[in-house]
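Enquirer: next comes the sequence, and after it the predicted model I'd like to discuss.
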Amino acid sequence: MPARATTIAFDVMGSDHGPAEVVRGAAALSLEAPHVHALLVGDGQQIDQVLSETRHNGERISVHHAPDFVGMQEKPSEALGRTPNASVLVAARLVADGEADAVVSAGNTGAGVLACARTFRLIPGVRRAALASVYPTRTGHGTKQDPFSLILDVGATVDATAEDLVTFAVMGSAYARIISKNQHPSVALLSNGTEATKGPPRVVEAHARLARHPDIRFVGNVEGVDIPKGTADVICCDGYVGNVCLKMLEGVAETVVELANYAYHSALRWRVGLAMLSNGLKQLKDVTDWQQYGGAPVLGFDRLFIKAHGRSKAFAIANAGKVAAKAVSSDLAQVIREGLVPVNT
Amino acid sequence: MALPDRIDPRPPRRIYRWDLDKTYLQTEFDTFAQLVRTALQKASEKQAVPGAAALIRELRDKGDSRLCIISGSPTQMRTVLEAKLKLDGVEWDELVLKDNVRNLLRGRFRALRGQVGYKLPVLLESRIRAPVEAEEVLFGDDAEADAFIYSLYADLISGRVDEAVLGQVLEAAQVYPDDRARIFAAWRAIPRADPVRRIFIHLDRLTPPAYFARYGPRVVPIFNYFQAALVLLADGELTAAQVARVAVEMVQTAGHNLLTLSNSFQDLVRRGLPIQAVAAPLLQALEGALQGPDAVLQAFRPLPDIVKAFTRRLAALGAPPPPPEPRTIDYLSVLDDARPRTHRARKRP
């Protein structure tokens, strides 16, 4: 059966690399995926300038002019209040109106989440949305053996209740089933100990409720050390904890690179050693390259929003578009709805 | 009054010149295996580019036009190519194929792949036989040197290119002396006129449209023949009903839909082609064209959706860009386009 035609609205503005990389990513997608149409939202003139010089399929791309955008450093609520025609908000409105099926944005994360909250509706049974993020792990996951796990929430809901954590588990599990082709993803709660009684009351209560959930393969609590090990396919926590963890993982990775750089310049034998390891390191980098994954979803709304990394290049943007199209064609919102039935009854 | 024994056909007011491979036919011959497969294909196995046959039929509908096909396919394929054109209901006046066996026997190996030395003399010699007032629309693709050759042809007969530049171009394109002599002889025999209205380049290789800006606004890169039909509608060459029939064929035979057609429309507007005015009559014509019981057409309905899709795509643009400025082509600066395409020689984005 041919794949369902899907239109992805790309918020072209506001990423670290400006409109060019997002337009090139959408152009690449138009060449690779015949069933995916790209609706580029942003400054029409800038988009056309890049598009006309980039190999693309004009039958699968259209442009929606949006004159404003939210910068990375801007405060989301203020910026969106000041610029009602900001590209991210226009893209979300186009999805809400049925012009497109999902949004991909590499711009300001807060503005993206806020645009969703203002434009989309929460799935019945979901009280608060969650921003999910993929991170590299030691072990592979699902039939694709993805070297990534999913952690949510990483910033959308700062103080989640037990009910929210259970909802996050359902949403993360549904997402892993669809995107990683992992039929029975293991789900864990992030806590300060593996025992069921460890953690704040909301985590303890969520543990009890998840243990009874018939459709979730709940593996209990995991600690911070388990995140990079890949002990669970999906890890749930509140947005405050998740964001701290994510930033720490990024910080550790950057520090390792800096240390290697320091070692490379410090002594000849270290330089030789690193040179000998370079092939292996490159392979490791390729395997765990976040650009393969493209982006992370905001889960809980009736429409999909994929947040690509602000530093995303064309390759990552195209992959984010593919992830969005896959989630749409698999009807992620419906899968989440069905997963929430046991929670709500 | 007695009727004459023979009624000569009316002299053509329009001449449509078409390339075949990758312009009219979906042909792959980048590898040896593809080349062999193409050579062995039967007429019924050959696929026309969606909308191409319908567009030709509509262009020929007025009866005062001439269809001249010039192809780099070998003469040995004449039977199968003619059969394919007949299958598609396409009637032609000239079908020129390349005699590569003769080139081989004479040791003219450069001519096997050379485009300028083959197409330019054929085009010029054909023009000698045309009425001075006959206007032309040319169709090629981005796989070889069509934009270059067609533009050079147009500028030669209009007198915008002089003998010195032509000589340098032929030198750079490594054209054989006898072909060179044919080109000069034919050129001198053609009365000066400016008949070439449009040159459509089918983007088979999806070359970025901006690449062809060097050839000025006369050259219009197109992703499909709905786009060509839209421009010809704006130029007054086709009616809205005829464009609608091209669109319907693309929907019926190639899986096109509202999105691809409205995106194609918007793409042209974004490139500064003045086609907004044709939206309203086109939508009206589509209403008529989509009245059939065909299941595919049913899927294309309802009309309000079509109107909405087109108008939304147009409204979404903000202010459309100004049309591109006419420009004089500096053939010596784009000489690389005239060389035969090899895996290394041509570097396109």
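Expert: Yes, it's here.
Enquirer: list the contacts for residue 91?
Expert: Assuming you mean chain A. A:Ala9, A:Phe10, A:Asp11, A:Leu39, A:Val41, A:His64, A:Ala66, A:Ala100, A:Val103, A:Ser105, A:Ala115 (C-beta atoms under 8 Å, 6 or more residues apart in numbering or on different chains). The way it works is simple: take the backbone N, C-alpha and C, and place the C-beta from them, glycine included.
Enquirer: wrong one, I was asking about chain B
Expert: B:Arg60, B:Leu67, B:Leu85.
Enquirer: nearest residue to the most centrally placed residue in chain A other than its sequence neighbours?
Expert: For chain A, the residue nearest the mean C-alpha position is A:Ala296 (0.4 Å; C-alpha atoms, centre = their mean). In space, and not counting its chain neighbours, A:Ala296 is closest to A:Ser133: 4.5 Å by C-beta to C-beta, 6 or more residues apart in numbering or on different chains.
Enquirer: ok so that neighbour is a strand residue?
Expert: Yes - under DSSP: H, G, I helix; E, B strand; the rest coil, A:Ser133 sits within a strand.
Enquirer: name the residues linked to it by a beta bridge.
Expert: A:Ile151 (DSSP bridges).
Enquirer: that one contacts A:Leu246, doesn't it?
Expert: Yes - between A:Ser133 and A:Leu246 there is a contact under C-beta atoms under 8 Å: 5.6 Å.
Enquirer: now the helix or strand A:Val244 falls within: how far from the chain's centre is it?
Expert: Assessed by DSSP states H and E, A:Val244 sits inside helix A:239-266. Distance of helix A:239-266 from the chain centroid (C-alpha atoms, centre = their mean, to the nearest Å) equals 20 Å.
Enquirer: same check, this time on stretch B:329-336
Expert: 21 Å.
Enquirer: so which bits of it are buried?
Expert: Residues of stretch B:329-336 classed as buried: B:Ile329, B:Tyr331, B:Val334 (neighbour count, 16 or more other C-beta atoms under 10 Å in any protein chain shown).
Enquirer: looks like the second one contacts B:Leu152 (just checking).
Expert: Put plainly, it is B:Tyr331. Yes - between B:Tyr331 and B:Leu152 a contact is recorded at 6.2 Å, counting by C-beta under 8 Å.
Enquirer: tell me, what's touching these two both at once?
Expert: Common neighbours of B:Tyr331 and B:Leu152 (C-beta under 8 Å, 6+ apart) are B:Val161, B:Val169, B:Ala338.
Enquirer: what is the nearest of those residues to chain A?
Expert: B:Ala338 (21.9 Å; C-beta to the nearest C-beta).
Enquirer: quick one, phi psi at the residue lying closest to the closest one once chain neighbours are set aside?
Expert: Nearest non-adjacent residue to B:Ala338, counting by C-beta to C-beta, 6+ apart: B:Ala173, 4.4 Å away. Backbone torsions of B:Ala173, given as degrees, to the nearest 10, read phi -80, psi 0.
Enquirer: give me the neighbour count for B:Ala173.
Expert: 24 (other C-beta atoms under 10 Å in any protein chain shown).
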